[in-house]
Every structure is written in C-alpha cells, then in structure tokens.
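let me see the structure of the following:
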Amino acid sequence: MKQTILFFWTIIGIMCTTVAQNPTTEATPYFEGSVEYKVTVEGSEKEILFENEPNTQMAMHIKDGDYIVNLAGGRYPKTFMFIADSNYEYSVDMNNKRAFRVSVYNHYKPMWVRPPALPTGEKEMLNGVECDIYEVKTDTSYSKIWASEKYRVNTEFYKNKKRAQANYLLPGLDGKIPLKSIKKEKGLTTTLVMTKITPTKFRKVQFTIPPDFVIKNRDNRW
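Numbers count the residues shown, from 1 in each chain. Here you go, the predicted model:
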C-alpha cells in the first residue's frame, strides 16, 4: 500500500509533457478544462515499484479552484477530487457511491511543505510554445520543469487552502501548468507526458460530491 500511495503523489508532484496544445489556438487568461498524461518510470527500483501495478495514466480536470484527478492503467483505477469551498480532498468510490474526505496519504501524514520551483533563466520552445525552465531540489530528489504563461490557473482561488496539492500550485510557478517535468531520485526517474489538453467549460455541479453518496473520513482501499 505504501508504494502505491507514494507513486500516486509522485505523479501529482511532477506533471510533464512533450506535447503541447496547438500554439495557434487562442489561449484564455486562465485555463479551464482537461489535461491527459502518460506516466513512465525508469531506474533500478522500477521493478519493486511496479509489483503493486501502479497507475500509468492520469487525467486532470480543472475548474476555478476545484480539480479532479483520475488515475488509470494500473490494478486499481482511482478518482481524487479537491473541492476548494470545503478545503478538502476526497477519494471517490463511484461504484459504491462513497467519498472519503481525507485521502490515505493525508490521513497518516501531515501536510508537507513543498520546496519552490526556482527559475534557471533558461527558455526552450516546446511544439511552438516558449517555456521557462525551473528546477526543484530536495534532500532526496531533483526535478526540472518547463512551464508557459499560456497555460496557467488563477492561484487566488487557493489562498489559505492548505490541502490543495496539485502540481500547478507548486510554489514559484505562480499557477503555471508544467508542460514538461522530469523527477530524479535514488533508483527512479519518473516522467509524466502530457498527451492532450482540452479547454472545456465545466458545470459547477460536476465538481461536487453527489448528494446520495456516503462521506467517510478514512479510505483503506489501497
């Protein structure tokens, strides 16, 4: 279970891409819509990690201060939802009409303080989109992130929302959604490749827990 949880948060922490939205498309000031990703992992610890068949695909849906993360491609598909008004993340069991107000990770560990993404001063074009390059260093890992002003969210929605942990809220990015990111740690190099960006105007009700769902405080499924 520990490996599965850590893999989920590794995914959330390092969105990366080699495919960007058509640069000729008019970009709105703030992004609302869906972003799809493919996950790849390499390194000496890969086989140990994959014994639990973790998810290898991710789709993220963003509206204002709310977001939904769908994980697929592994043994257990998962849905996580952050509702800004409640300042809570939920793991959602659609089949059994249940929602768990605190994820496994946040139940057993306190919220962590994430290190900031620092600009390197470098720029690079990715499929016609000019990106600034950032780096993130911790005691155990090193990441590089490519991000563009064209694709960002309004961070005002997340003020004082300490449970919001989506990658685009990484300190230093100012709401920019990473377009490329590679995370290296001992025995593992994890890459998330964004395969599609779809601007969409969602309805608010799509980012709420259905009224007939039972809400609990602990999710022991994984």
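
from here on, contacts and neighbour counts on C-alpha atoms
Will do.

so what's Ile68 bridging to?
The residues listed as beta-bridge partners of Ile68 by DSSP bridges are His61, Met81.

that one: neighbour count?
Neighbourhood size, Ile68 [other CA atoms under 10 Å]: 23.

so it touches Thr79, yeah?
Yes. The pair Ile68 and Thr79 qualifies as a contact (CA atoms under 8 Å) at a distance of 7.1 Å.

what about Pro119, distance to Ala166?
Here Pro119 is placed at a distance of 19 Å from Ala166 (CA to CA, to the nearest Å).

what about those two, which has more around it?
Comparing Pro119 with Ala166 by other CA under 10 Å, the one with more neighbours is Ala166, at 20 against 17.

any regions of this structure where pLDDT drops low?
Along the chain, segments meeting pLDDT under 70 span 1-28, 46, 49-52, 103-112, 218-222.

tell me which stretches of it form helices.
Counting by DSSP state H, the chain has helices at residues 2-13, 46-49, 104-108.

what's the separation between Gly121 and Leu192?
Here the criterion is CA to CA. By it, Gly121 lies 23 Å from Leu192.

and the two? which has more neighbours close in?
When neighbours are counted by other CA under 10 Å, Leu192 comes out ahead of the other of Gly121 and Leu192, with 28 against 8.

and the more buried one, bridged to which residues?
When assigned by DSSP bridges, Leu192 has beta-bridge partners Val39.

ok, what's across the strand from the residue nearest to Pro178 when sequence neighbours are not counted?
With sequence-adjacent residues excluded and distances taken as CA to CA, 6 or more residues apart in numbering, Pro178 is closest to Ala147, at 4.5 Å. The residues listed as beta-bridge partners of Ala147 by DSSP bridges are Asp132, Pro178.
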